[in-house]
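*Asks:* here you go, sequence then predicted model.
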Amino acid sequence: MAIFSRPTRSPETPAPSTSISTTKDDPPPAYHKPRPTGLRLLTATIYLLATIFLILVEIGNITNNPVIRSTWFLQINLANIIPASVPNAIFINSIAQSIGLHDFYQVGLWNFCEGYNGQGITHCSKPTALYWFNPVEIILNELLAGASITLPIEIVNVLSLIKLASAWMFSCFLVGTILTFLSIFLAPLGFSQKPRWEHKAKRIFFRQFPITLLTFAALLFTAAASVIATVMFVIFQQKVSTASDLNIEAYLGKPMLAFMWTATGLNLIGFLMQIGTCCGVCCCTGRKKAERRSRGAYTPNMAEKQSTLSSRSPGSFGFRRRGKQ
């Protein structure tokens, strides 16, 4: 009599079978939704860099410190304000400082700084919200008593445009910086893995749409501020450089332009990534493709083998020991 023997099953007893049921909403057991950790880190890094560049724009030219003093929108050079064609122009320019004029004036988002070519920046005005650069008022206020200077009409006519555009530029840069900073923490949530029971429409309207709207607003305000600043100071540079009677030079700040347009480009990349994620949630092409592959892997033969293996007893794989009769 065998002590360990395989249990016998009567022919009438049907073999237990296991059915693999998959629904449309729930992926099969073989499907594992990937965790988008890399996308979350990439998105946070993109908006972190954009925030750093926008902060450099915000603090540019407010103090006489390295990097900050070299970040400005526009610099006006008055060192050679009298043209060389005028008799004794060199002598007149040498005494220009004695009547209160500085060699250069440079403009930032909050204030302006002034100084001399040999000494550098000597004074920066107090940072002011919604600041706009008025060279006529600054120069006339700094002239000594009894001194006067006639500025070209081209500069006077463009002052109204500068005042209006500066207010919009200041507001857009400030709002764009705040929204970009918020996107560091909120934008990666658009790539987070959600439970299976959550409905697609709920994820789109309560998670993807607000985050996409936030990144679009950050891009919109940053791009608008960059466009306004570029157009305004390019026009101002042309008006100053082509002014008659006086030899005034104007230069655009390349570091400032590079910072603000780099931040705009980074915000654009982050927004496009959110758009791609929103489209992926709406279409679910990647998930459906993975589910089809997973369901295709469960063929009838595989189901039959799995049911056979599950029906065996724990000792069915042991050796049968034959005893004495």
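*Replies:* Now that the structure is in, tell me what you want to look at. None of these values were measured; they are calculated from a predicted model.
*Asks:* quick one: residues contacting T277.
*Replies:* 39, 190-191, 208 (Cβ atoms under 8 Å, 6 or more residues apart in numbering). Heads up, the C-betas are built off the backbone N, CA and C, glycines and all.
*Asks:* quick check: longest helix of the chain.
*Replies:* If you go by DSSP state H, the chain has its longest helix at helix 209-241.
*Asks:* packing partners for the helix or strand following that helix?
*Replies:* Sequence-wise, the next helix or strand downstream of helix 209-241 (DSSP states H and E) is strand 249-252. The contact analysis (3 or more Cβ pairs under 8 Å, 6 or more residues apart in numbering; DSSP states H and E) places strand 249-252 against strand 74-77, helix 209-241.
*Asks:* where do the strands sit along the stretch 51-200 of the chain?
*Replies:* Using DSSP state E, counting those that start in this stretch, the strands of the stretch 51-200 of the chain run over 74-77, 104-107, 112-116, 120-124.
*Asks:* buried sites along the last one?
*Replies:* Read that as strand 120-124. Residues 121, 124 are the ones in strand 120-124 that count as buried (16 or more other Cβ atoms under 10 Å).
*Asks:* quick one: strands adjacent to it?
*Replies:* Looking at strand 120-124 with DSSP bridges, its partner strands are strand 112-116 (antiparallel).
*Asks:* give me the residues contacting the partner strand.
*Replies:* With Cβ under 8 Å, 6+ apart as the test, strand 112-116 has contacts from 61, 64, 69, 72, 97, 102-106, 121-125, 133, 138.
*Asks:* show me which of the residues you listed are buried.
*Replies:* Using 16+ other Cβ under 10 Å, the buried ones in the contacts of strand 112-116 are 61, 69, 72, 102-106, 121, 124-125, 133.
*Asks:* out of those, which is nearest to I178?
*Replies:* N61 (20.6 Å; Cβ to Cβ).
*Asks:* burial count for the closest residue to the closest one other than its chain neighbours?
*Replies:* Nearest residue to N61 in three dimensions, chain neighbours excluded: G108, at 2.8 Å (Cβ to Cβ, 6 or more residues apart in numbering). Using other Cβ atoms under 10 Å, the number of residues around G108 comes to 27.
*Asks:* residues in contact with G108?
*Replies:* 60-62, 71-73.
*Asks:* now these in JSON lines, with pLDDT and distance to A218?
*Replies:* Converted to JSON lines, the contacts of G108 look like this (pLDDT from 0 to 100; distance: Cβ to Cβ, whole Å):
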{"residue": "G60", "pLDDT": "94", "distance to A218": "20"}
{"residue": "N61", "pLDDT": "94", "distance to A218": "24"}
{"residue": "I62", "pLDDT": "94", "distance to A218": "23"}
{"residue": "T71", "pLDDT": "94", "distance to A218": "21"}
{"residue": "W72", "pLDDT": "95", "distance to A218": "24"}
{"residue": "F73", "pLDDT": "96", "distance to A218": "21"}
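*Asks:* between which two of these is the distance greatest?
*Replies:* Spatial extent of those (Cβ to Cβ) is set by the pair I62 and F73 at 12.6 Å.
*Asks:* neighbour count for the two, which is higher?
*Replies:* F73 (26 against 19).
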